[in-house]
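what would the 3D arrangement of this be:
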Amino acid sequence: MKRAKKNFICVIPAREKSKRFPSKLIKYLDRFPVIFYVVLACAKSKAKNVFVATDSPKIKKEIEKSLQKSKIPKKLKDKIKIKIVKGRKIKSGTDRVAELVKRELKSKSTEIIVNVQGDEPLITPEIINKVAHALAEDKNADIATYGFISQEKNEIENPNRVKIAVSEKGNYALYFSRSPIPYGAKKFIIHTGIYAFREKSLIRFANLKPTENEKTEKLEQLRALDNGMKIKMVIGKKKLLPIDTPQDLQKLKKIIRKNKI
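The predicted model follows:
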């Protein structure tokens, strides 16, 4: 049997003025800003190129400064490209990713685009590769993403930690919610900020109008489910901690220093 191609790029959407925690992507965890840990993980993955799509010259400057300071091999540095991507129609990170793809990849063949959110500094190259691979292997899926298993009350009851109901057959997402779902479960699956798209699926998604479920939960991935798109789940044990608040930043500083990441 012919194996599916795993030709993919990473795109990191990076908006400076986050409503909940402005400039969080350029806050320092240790030697480097939050977003640079994401850039490094993407560069170390099997992605052929890594794009940062940002609206901010400040973010661009911080990444360039970190690249000069870091000791990563030249072949990894050469994969990284930072682009200023602005526009009135850009309302979300996925919109920014889609806009970059339209501008930069018109004449290039890229099968899969992996959107890695810039506030996920614990993301690993292995998770990125697994999510891209899962989409490449499942021709019925439009999107793939990652979730980890949790029994921790502070994660399950935290509305910033999105929970997922997953099908028993095929491991597809049935629903995403800020509330604990499924009701009565002993273990929950916590969603993380990574999505692999086929190029056509990405453009289709970006052109869809927000749905009522999306507006209610404030979760753009529900737009995909509401329009019949299939989201493949990669479920693992590796916990990720996105930065939504200053308190999250302090927790991550301790984790980064303790583990010497």
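
what's the neighbour count on residue 249?
Using other Cβ atoms under 10 Å, residue 249 has 19 neighbouring residues. All C-beta atoms are positioned from the backbone trio N, CA, C, and that covers glycine.

check which helix or strand it maps to.
Take DSSP states H and E as the rule and residue 249 turns out to sit in helix 246-259.

packing partners for that helix?
helix 34-44 (3 or more Cβ pairs under 8 Å, 6 or more residues apart in numbering; DSSP states H and E).

which other helices and strands contact the helix it packs on?
With contacts taken as 3+ Cβ pairs under 8 Å, 6+ apart, helix 34-44 sits against strand 8-14, strand 50-54, helix 57-69, helix 74-77, strand 112-116, helix 125-137, helix 246-259.

right, and residue 255 touches residue 122 too?
Yes. Using Cβ atoms under 8 Å, residue 255 is in contact with residue 122, at 7.2 Å.

circling back to that earlier point, can you give me the buried ones in the helix holding residue 249?
For helix 246-259, burial by neighbour count (16 or more other Cβ atoms under 10 Å) applies to 248-249, 252, 256.

contact partners of that helix?
By Cβ atoms under 8 Å, 6 or more residues apart in numbering, the residues outside helix 246-259 that reach it are 21, 24, 27, 29-30, 34, 37, 121-122, 241-243, 261.

6 Å instead, please
Where contact means Cβ atoms under 6 Å, 6 or more residues apart in numbering, the residues beyond helix 246-259 that reach it are 27, 29-30, 241, 243.

ok, stretch 229-238 next?
130-131, 134, 138, 140-144, 146-148, 166, 171-173.

pull out the buried residues from the helix or strand hosting residue 234.
Assigned by DSSP H and E, residue 234 belongs to strand 231-236. The neighbour-count check on strand 231-236 (16+ other Cβ under 10 Å) flags 231-234, 236 as buried.

so what's residue 33 up against?
Here residue 33 is in contact with 26, 62 (Cβ under 6 Å, 6+ apart).

so what's it bridging to?
Residue 33 has these beta-bridge partners by DSSP bridges: residue 28.

shouldn't residue 144 be within a helix?
No. Looking at residue 144 with DSSP: H, G, I helix; E, B strand; the rest coil, it is strand, so not inside a helix.

give me the neighbour count for it.
29.

give me the distance between it and residue 34.
Between residue 144 and residue 34 the computed distance is 24 Å (Cβ to Cβ, to the nearest Å).

and residue 192, by the same measure?
15 Å.

over to residue 230?
From residue 230 to residue 34 the distance is 31 Å (Cβ to Cβ).

those two: which is more packed in?
Per other Cβ under 10 Å, whichever of residue 230 and residue 34 has more neighbours is residue 34, with 25 against 17.

closest to residue 68 among the buried residues of helix 246-259?
Residue 68 lies nearest to residue 256 out of these, by Cβ to Cβ, at 20.2 Å.

what is the mean pLDDT for the longest strand seen in the chain?
For the chain, the strand with the greatest residue count under DSSP state E is strand 188-198. The average pLDDT within strand 188-198 is 98.

next: stretch 100-109.
Stretch 100-109 comes out at a mean pLDDT of 78.

same check, this time on stretch 9-16
Mean predicted confidence for stretch 9-16 is 96.

what of stretch 254-261?
82.

could I get it in CSV with only the CA atoms?
Provided in CSV are the C-alpha atoms of stretch 254-261 (Å, rounded to 0.1, in the frame of the first residue of the first chain):
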residue,chain,number,x,y,z
LYS,A,254,8.8,27.6,36.6
ILE,A,255,8.2,24.6,34.2
ILE,A,256,10.7,26.0,31.6
ARG,A,257,13.4,26.6,34.3
LYS,A,258,12.9,23.3,36.1
ASN,A,259,13.1,21.3,32.9
LYS,A,260,15.7,23.5,31.3
ILE,A,261,13.7,23.7,28.1
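
fine by me, we can end here.
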